[in-house]
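Student: take a look and give me a structure for this.
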Amino acid sequence: MTAAARTVREMMAYLEDVLWFVGDSTYAKRGAEADACDFCFGNPQEMPLPEVQQAITRWAAPQHKSWFAYKFSEPSAVRVAVESLRARHGIDFDPADITMTTGAFGALAATLRSIVDPGDEVIYLSPPWFFYVPMIISLGGKAVRVDLPAPGFELPVAAIERAITPRTRAVIINSPHNPSGRIFQPEELTALAGVLRKASHPIYLISDESYCRILFDGRPFHTPVRYYDRSFLIYTYGKTLLIPGQRVGYVAMPPSMPDRDEMRGALMTAQMVNGWAFPNAVMQYALGDLERASVDVAALQRRRDRMVSALGEMGYQTVWPAGTFYVLVRSPLVDDIAFTELLAAENVFVLPGKVFELPGWFRISLTANDDMVERSLPGFAKAMAGVAVVTSD
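Tutor: Next up, the predicted model:
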């Protein structure tokens, strides 16, 4: 077997539970039915924002012969990103340090390709987004897992420090955190920065900020980039606009990045060899209009309040999210797959924790519509009642 084939097998082995869930589970067979209550992924369950269609339609009309030619990072899109970053974070980002990408997925892929060599170690926090580990494996790197302690999911700075070795190249953190919804606080980020600075060699921090504008209860977001110079900021408009199929985002380096001149070229090259992974022309042209639009965060917060309150009254243990559009719930059965099957029997579909390295839990997506929420509640109640039957057997 070739090294490439072994790498693919290793990635597939890691994604085994994800592939089963999207291909062979009850959700895969029945989740698209009209009466299904689908809480599995961050997909829209209502019509898209009209501003998205209006922006794409407006900018799809060509204005010159090169309108649909090969595109790098369009200057107009970069300006939008820079102005947004400066306003939100108070950091004077240089336009030359912004690389437009196909969402956070493309941004993470380009960043990792730019810094990871075969044999390098990349620390990630668990529970993670599904594809951190496969992307690290694809580059010949070693993914090093550090667990976030449930149910608080505080940043485990001491555990990260213990995980650092001479081969550690980067640390990936995600705030607000998917799936817990926790926002890492300044004191945690300050402590992490201190640990990384103490290391005997340079370590990069990759800050996945996909959900940084989906915040509840007026809570502020704190970018890790403010606390540590050798950082990459990853952002996608797919979450803010709830358009995961129209991919546009960016990688941003702060002006304090020590080797940013070298990294500019590395990111550009990574984008090209990743399959010309710059966003398509229309999405870049439309970014100024898209920047001003947003999913209804207040509606998501009301949905969160309704779900957490109702589930709590039924006896479920939930994690109160400060951001993202997810609610993390402890499974009443140790076997979260078995419990999600009880829910599926009631046409309620959730994401089992085993799929994202957190067995014994499940995740609910608040992108489900209000009708789904209300229709699902009797199903959640029946599944909880069914636990007594399962455990008595």
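Student: helix, strand or coil for residue 283?
Tutor: helix (DSSP: H, G, I helix; E, B strand; the rest coil).
Student: does it touch residue 243 like I think?
Tutor: No: counting by Cβ atoms under 8 Å, residue 243 is not a contact partner of residue 283; they are 9.4 Å apart. Yep, even glycine has a C-beta here, placed from its N, CA and C like the rest.
Student: more crowded one of those two?
Tutor: More neighbours surround residue 283 than the other of residue 283 and residue 243, with 25 against 22 (other Cβ atoms under 10 Å).
Student: phi, psi for the nearest residue to the more buried one once chain neighbours are set aside please.
Tutor: Nearest residue to residue 283, sequence neighbours excluded (Cβ to Cβ, 6 or more residues apart in numbering): residue 248, at 4.2 Å. Here is the backbone geometry of residue 248 (degrees, to the nearest 10): phi -150, psi 140.
Student: burial of residue 248, as a residue count?
Tutor: For residue 248, the neighbour count with other Cβ under 10 Å is 26.
Student: so it touches residue 102, yeah?
Tutor: Yes: assessed by Cβ under 8 Å, residue 248 is found in contact with residue 102 at 7.1 Å.
Student: which stretches of the chain have low pLDDT?
Tutor: Segments of the chain classed as low confidence (criterion: pLDDT under 70) are 388-393.
Student: show me it divided up by domain.
Tutor: Split into domains by automatic domain parsing, the chain comes to 3-46+296-392, 50-291.
Student: stretch 213-227: how far from the chain's middle?
Tutor: Mean-position distance between stretch 213-227 and its chain equals 15 Å (Cα atoms, centre = their mean, to the nearest Å).
Student: buried stuff in that stretch?
Tutor: Using 16 or more other Cβ atoms under 10 Å as the test for burial, stretch 213-227 gives 213-216, 221-227.
Student: TSV for those residues, including secondary structure and distance to residue 327?
Tutor: Shown next, in TSV, are the buried residues of stretch 213-227 (DSSP: H, G, I helix; E, B strand; the rest coil; distance: Cβ to Cβ, whole Å):
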residue	secondary structure	distance to residue 327
213	coil	18
214	coil	13
215	strand	15
216	coil	11
221	coil	19
222	coil	22
223	coil	24
224	helix	24
225	helix	28
226	helix	28
227	coil	28
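Student: now these in JSON lines, with distance to residue 298?
Tutor: Putting these into JSON lines (distance: Cβ to Cβ, whole Å) gives the following:
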{"residue": "213", "distance to residue 298": "13"}
{"residue": "214", "distance to residue 298": "11"}
{"residue": "215", "distance to residue 298": "11"}
{"residue": "216", "distance to residue 298": "9"}
{"residue": "221", "distance to residue 298": "17"}
{"residue": "222", "distance to residue 298": "22"}
{"residue": "223", "distance to residue 298": "23"}
{"residue": "224", "distance to residue 298": "27"}
{"residue": "225", "distance to residue 298": "27"}
{"residue": "226", "distance to residue 298": "27"}
{"residue": "227", "distance to residue 298": "30"}
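Student: just curious, which of the residues you listed is nearest to residue 236?
Tutor: Using Cβ to Cβ, residue 213 comes nearest to residue 236 of the buried residues of stretch 213-227, at 10.5 Å.
Student: excluding its backbone neighbours, what's nearest the closest one?
Tutor: residue 240 (4.9 Å).
Student: please apply the same query to residue 182.
Tutor: In space, and not counting its chain neighbours, residue 182 is closest to residue 153: 4.5 Å by Cβ to Cβ, 6+ apart.
Student: what is the neighbour count of that neighbour?
Tutor: Residue 153, neighbours per other Cβ under 10 Å, totals 20.
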